[in-house]
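Engineer: build me a model:
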Amino acid sequence: MLDWSKYIAVADRFQHKAKAQDRSDLNHNIIVSLADAQIRLDQNGGGQLSELAILRIASCRVADYWRSEYRNGRVISLNTIVEDEDGNQLELIDTLADDKAIDLEAWLDRNLWQFGYPNRLAQIARKIANGNTLTNKEHQYLWRFRRKEQKRLF
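Structural biologist: Numbers count the residues shown, from 1 in each chain. Below you'll find the model as predicted:
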């Protein structure tokens, strides 16, 4: 006899191993595979599927899912060479946006830059932009600020 609630519970435990858009498909594949295995077992002499057999069938469906994902070519290496809109060839990883990258245009725009920093630092920046020399205290303030803002690599 088919124990649908048990099959659904097992499938729910394994569905998180698939991509979000494919989870319901994997869930249904596991349920159908378990029901098919139970029907074959009933035809060959009866009995119920053991817990280990149920878990093994579910894990095989997950492995089949990932095998088909790799075969269909949906998983792409970041080292794959692609062309941009100008026809230049570059690696796919070079097209990803970097959240920690410095926005150079914002740094060049003095007005935008001055809103986000202390007044003293903005005055020092104006002084540098005008070509004036900095005092020792201003050099020291600028050095401390740069050191504080510098991101550590390790």
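Engineer: ok, residue 134 - contacts?
Structural biologist: By Cβ atoms under 8 Å, 6 or more residues apart in numbering, the contact set of residue 134 is 124, 127, 128, 142. (Each C-beta comes from the backbone N, C-alpha and C, glycine too.)
Engineer: quick one, strands of the chain?
Structural biologist: 81-83, 89-91 (DSSP state E).
Engineer: turn the ones you listed into a markdown table, including distance to residue 63 and mean neighbour count.
Structural biologist: Shown next, in a markdown table, are these (distance: least, Cβ to Cβ, whole Å; neighbours: other Cβ atoms under 10 Å):
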| stretch | distance to residue 63 | mean neighbour count |
| --- | --- | --- |
| strand 81-83 | 30 | 10 |
| strand 89-91 | 30 | 11 |
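Engineer: would TSV of those with distance to residue 46 and mean pLDDT be doable?
Structural biologist: As requested, those are exported to TSV (distance: least, Cβ to Cβ, whole Å; pLDDT from 0 to 100):
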stretch	distance to residue 46	mean pLDDT
strand 81-83	56	83
strand 89-91	58	88
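Engineer: may I see the domains of this structure written out as residue ranges?
Structural biologist: Here the domain parsing of the chain from automatic domain parsing is 4-71, 104-149.
Engineer: quick one, grab the pLDDT at the residue located most distally from the centre of the chain.
Structural biologist: Farthest-out residue of the chain from its mean C-alpha position, per Cα atoms, centre = their mean: residue 45, at 47.9 Å. Listed pLDDT for residue 45 reads 84.
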